[in-house]
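Trainee: predicted structure and sequence below. I'll ask about it afterward.
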Amino acid sequence: MDSLGIRRPADAGTPPAEQPGEEPGETFDQALPIPPLAPSRIDEDGTRVFELTAQEGTTTFLPGVETSTWGFNGSHLGPTLRAERGEQVAVEVTNELDEPTSVHWHGMHLPPEMDGGPHQEVPAGGTWRPTWEIDQAGATLWYHPHPHGKTEEHVYRGLAGMFIIDDDETTAAGLPSAYGVDDIPVIVQDKEFTEDGQLTLYPSGPSGILGSTVMANGVIGAVQEVTTEHVRLRVLNGSTLRTLGFELSDGRSFQMVASDGGLLRTPFETDHVRLSPGERAEIVVAMEPGTEVMLRSVEPYLGEIPDPGAVGGEDSFDVLLLRAADELAPSPELPTTLTDFGLDEADATVTRRFDLDGYTINGASMDMNRIDEVMDLGATEIWEVVNLNPFPHNFHIHDVQFEILSIDGEAPPPDLAGRKDTFYVETGREYRL
């Protein structure tokens with residue numbers, strides 16, 4: 001068991017070396033950094049233009065230690081991009097790293113040549129300027145590199161940030177909305193450190209790095225000072241392997257108001273939300289003056305897999321302390337209805353099945369020179385997704401938000417009933433999208 005209370009299985013890779021200096025995470029007294037809102041300019045044609053530079057730097061995670069990291073417009077993580085539905089946006093991307101990278105707009109509906117997937121690497125020293133119209137519901141999305149075979153490493157080193165879309169419904173919903181005050185981005189990641197305090201880059205699990213140190217917005221032992229009765233947390237699991245099961249330390253419930261693709265139909269009261277890598281959830285926590293509560297990740301249920309401990313299924317740890325002021329500004333009551341959406345299953349013209357088996361989909365490995373399926377833009381389709389592996393997996397579709405119709409023939413639970421672009425696929429179960 002390490003200093004954060006993570007129980008590490010004996011076969012989950014080499015255990016972390018003892019960290020230099022003081023042990024991190026024993027006290028939560030580091031102010032949660034709020035990623036700055038990225039500045040932008042409006043071009044003559046009305047396009048909102050952002051600038052992102054992928055660069056190297058150093059970050060202090062552990063006392064007295066400078067750790068080599070990567071970041072956008074800084075040494076670690078990146079600013080929050082924010083735009084409104086209907087806007088034309090462009091992002092001027094510059095790669096100052098010594099190797100190619102890319103920037104994928106995770107959850108964004110946009111033309112394929114603007115997607116930033118593995119077929120669109122930006123060479124070292126190169127630039128790229130994708131532009132598109134924001135044409136989807138307000139939501140908490142994120143951006144990260146997606147170079148083939150290097151995605152995990154680039155995200156793990158620190159290249160990640162949020163992209164928030166606003167629209168009329170999110171504005172009118174009456175949710176906490178003062179960015180950095182009662183509307184808080186929370187990027188949760190796990191890291192592994194070497195004996196000299198550098199990031200461990202070797203795989204420690206079957207599919208990548210399972211870190212024993214957990215941080216929020218790049219800080220170990222983070223605390224958010226709360227000044228309002230309600231606080232909205234936009235939670236992103238930015239880890240590369242670890243699935244997280246979020247709860248509050250005193251067992252209280254909270255309201256889940258949005259998932260990957262935006263607002264739920266109605267707020268959903270729960271005391272637990274599971275997020276696999278890349279998934280997001282927006283939750284609203286009610287606070288009392290002068291109290292504090294810890295956002296924790298408890299042992300996530302990973303389905304019927306033979307060794308959940310090897311992939312973090314037996315780990316629990318503290319993530320972020322919420323500390324309320326002695327006097328709190330009033331917050332409006334949450335609405336009973338947030339939005340209405342839905343595709344009509346009867347409109348589906350195609351049903352496709354995708355079996356995840358080993359490192360293949362439908363028996364084929366990744367090959368950027370091969371096209372297996374062709375979809376028509378604007379069509380409605382049913383996808384059946386099954387994980388045949390005895391180990392965890394999740395599933396992300398670029399460009400679209402989808403709805404989960406059923407899991408093994410049953411309606412999905414409320415936390416999976418919203419618009420999604422990423423979800424955890426339990427072994428042997430059939431998900432109809």
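Mentor: It's in.
Trainee: which SSE is residue 155 in?
Mentor: Taking DSSP states H and E as the definition, residue 155 sits inside helix 151-157.
Trainee: by contact count, what packs against that helix?
Mentor: strand 67-72, strand 139-144 (3 or more Cβ pairs under 8 Å, 6 or more residues apart in numbering; DSSP states H and E). From N, CA and C alone the C-beta is placed, and that goes for glycine too.
Trainee: go again with 10 Å.
Mentor: If you count contacts as 3 or more Cβ pairs under 10 Å, 6 or more residues apart in numbering; DSSP states H and E, helix 151-157 packs onto strand 48-59, strand 67-72, strand 139-144, strand 183-191.
Trainee: tell me the buried residues in the longest one?
Mentor: So that's strand 48-59. 48-55, 59 (16 or more other Cβ atoms under 10 Å).
Trainee: how many residues are close by the closest residue to residue 47 other than its chain neighbours?
Mentor: Using Cβ to Cβ, 6 or more residues apart in numbering and skipping residues adjacent in sequence, the residue nearest residue 47 is residue 88, 4.6 Å away. Neighbours of residue 88 under the rule other Cβ atoms under 10 Å: 16.
Trainee: residue 88 contacts residue 132, doesn't it?
Mentor: Yes. Counting by Cβ atoms under 10 Å, residue 88 does reach residue 132; the two are 7.4 Å apart.
Trainee: overlap of the contact sets of the two?
Mentor: residue 47 (Cβ atoms under 10 Å, 6 or more residues apart in numbering).
Trainee: sorry, back to before: in the helix holding residue 155, what counts as buried?
Mentor: Under the neighbour-count rule (16+ other Cβ under 10 Å), helix 151-157 has 151-157 buried.
Trainee: tell me where the stretch 101-250 of the chain has strands.
Mentor: With DSSP state E, counting those that start in this stretch as the definition, the stretch 101-250 of the chain shows strands at residue ranges 104-106, 127-128, 131-133, 139-144, 161-166, 183-191, 213-216, 222-228, 230-237, 244-248.
Trainee: low-confidence ranges, this protein, go.
Mentor: 1-26, 204-206 (pLDDT under 70).
Trainee: helix, strand or coil: sort out residue 313 for me.
Mentor: coil (DSSP: H, G, I helix; E, B strand; the rest coil).
Trainee: report the separation between it and residue 242.
Mentor: Computed as Cβ to Cβ, to the nearest Å, the residue 313 to residue 242 distance reads 10 Å.
Trainee: what do you get for residue 67?
Mentor: Taking Cβ to Cβ, one finds residue 67 at 19 Å from residue 242.
Trainee: those two: which has the busier surroundings?
Mentor: A direct count of neighbours by other Cβ under 10 Å for residue 67 and residue 242 places residue 242 higher, at 27 against 21.
Trainee: I'd assumed residue 156 was in contact with the more buried one.
Mentor: No. Taking Cβ under 10 Å as the definition, residue 242 is not a contact partner of residue 156, at 11.1 Å.
Trainee: need the residues touching each of the two.
Mentor: 189-190, 208-209, 211.
Trainee: between the residues you listed, which sits nearest residue 431?
Mentor: Top of the list for closeness to residue 431, among these and by Cβ to Cβ, is residue 208 at 22.7 Å.
Trainee: so what's the closest one closest to, chain neighbours aside?
Mentor: Closest to residue 208 by Cβ to Cβ, 6+ apart is residue 241, at 4.2 Å.
Trainee: repeat that for residue 261.
Mentor: The nearest residue in space to residue 261 (Cβ to Cβ, 6+ apart) is residue 419, at 2.8 Å.
Trainee: what about the residue of the chain most remote from its centre, which SS state?
Mentor: Residue farthest from the centre of the chain, counting by Cα atoms, centre = their mean, is residue 44 at 33.7 Å. Taking three-state DSSP as the rule, one finds residue 44 in the coil state.
Trainee: what's it sitting at in phi/psi?
Mentor: phi -60, psi -30 (degrees, to the nearest 10).
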